[in-house]
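A.B. asks: Mind looking at a prediction? Sequence and model below.
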Amino acid sequence: MLELEAIAAALADAQFAGGLHYFPSIGSTNTYALQQVQEGAPHGSFYVADEQTAGRGRSDHRWHSAAGEGLYLSVLLRIEWTVAELAWLPLLAGLVTHGALVESAQIEADLRWPNDILIGPKKVAGILVEAPQATDSVRPVVVGIGVNVHQRGFSPDLATAATSLDLASGRRISRQRVLIALLQSLHAELGRLKRDRPAALAGIPERVAAVSSWVSGRAVDVHGPQACQGVTAGLDDRGFLRVQTADGLATVTTGGIRAAKIGE
């Protein structure tokens, strides 16, 4: 059970102070947060649910969100972003989530470009970043994060096999601790951007490479509009993934990757 007063107290000095909105059940926290963008909800509002009945992941995938089993969170940010800078948000959200899970659950995790969190070959968390169109430089962004925490079993039909923090760690992990760690990690990253945005953004590819076994030397299938197969060859200076294919070097700007099924 989430202790809302304790969560609020832990975030009292963060830019998310006073921003908590909790739902026992909701269709999708991201969908609700996007609606709140139109209602003028302020920067730092965040929406947490015990259950989602219509949870969403990237590429229109459904995110299974059983009651009390996982952490389902969406954060509304209102910051001055250029269109080019918005492209960094998925990677930044991946770094935020990776760091928070390693710290709060004391597990080793892998970051699969652009922002899936895996433990070994199994997915433990996914991220959906959505940016509605804006009329000025202060662009609203919704960062949705779903974490498998207590789940013990998963559908065999998942594109990537899944695990949970409990299964991976061998002990029961506090959803509340994970939530607080995520928001504190995001607070720290936003502070880094505020202090020196060019340097913070320029450092993202190196930081991703340091925590990811996927961005270099991995045989992958790229899914999405730039579908191809090849071996990853690092990130470019915009954070896009380079893949050496049979037809040459491709730069993947959208979509995702999975371990290659060689010969298929």
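C.D. replies: Everything's here; your move.
A.B. asks: Please count neighbours and contacts with C-alpha atoms only from this point.
C.D. replies: Will do.
A.B. asks: which one's the longest helix in the protein?
C.D. replies: Criterion DSSP state H: the longest helix present in the chain is helix 175-195.
A.B. asks: looking just at contacts, which helices and strands does it meet?
C.D. replies: Other helices and strands packing on helix 175-195, by 3 or more C-alpha pairs under 8 Å, 6 or more residues apart in numbering; DSSP states H and E, are helix 4-10, strand 70-80, helix 89-105, helix 197-202.
A.B. asks: which residues touch that helix?
C.D. replies: Outside helix 175-195, the residues that touch it by C-alpha atoms under 8 Å, 6 or more residues apart in numbering are 2-3, 7, 10-11, 14-16, 70-71, 73, 92-93, 96-97, 99-101, 103-105, 149, 200-201.
A.B. asks: angle of that helix against strand 70-80?
C.D. replies: Orientation check (axes from the mean of the first three to the mean of the last three C-alpha atoms, to 10 degrees): helix 175-195 against strand 70-80 gives 20 degrees.
A.B. asks: Can you give me the buried ones in helix 175-195?
C.D. replies: 175-187, 189-190 (16 or more other C-alpha atoms under 10 Å).
A.B. asks: what distance separates that helix from the centre of its chain?
C.D. replies: On the basis of C-alpha atoms, centre = their mean, to the nearest Å, helix 175-195 sits 12 Å off its chain's mean C-alpha point.
A.B. asks: For that helix, the averaged confidence score.
C.D. replies: Averaged across helix 175-195, the pLDDT comes to 97.
A.B. asks: Dump that helix to CSV, restricted to CA.
C.D. replies: The C-alpha trace of helix 175-195 is given here as CSV (Å, rounded to 0.1, in the frame of the first residue of the first chain):
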residue,chain,number,x,y,z
ARG,A,175,6.8,0.2,-4.6
GLN,A,176,6.9,3.4,-2.6
ARG,A,177,10.7,3.3,-2.4
VAL,A,178,10.9,2.9,-6.2
LEU,A,179,8.5,5.8,-6.8
ILE,A,180,10.4,8.1,-4.5
ALA,A,181,13.7,7.1,-6.2
LEU,A,182,12.3,7.7,-9.7
LEU,A,183,11.2,11.2,-8.8
GLN,A,184,14.4,12.1,-7.0
SER,A,185,16.4,10.8,-10.0
LEU,A,186,14.3,12.9,-12.3
HIS,A,187,14.7,15.9,-10.1
ALA,A,188,18.4,15.5,-10.2
GLU,A,189,18.5,15.2,-14.0
LEU,A,190,16.3,18.3,-14.5
GLY,A,191,18.7,20.2,-12.2
ARG,A,192,21.6,19.1,-14.3
LEU,A,193,19.9,20.5,-17.4
LYS,A,194,19.1,23.7,-15.6
ARG,A,195,22.8,24.2,-14.6
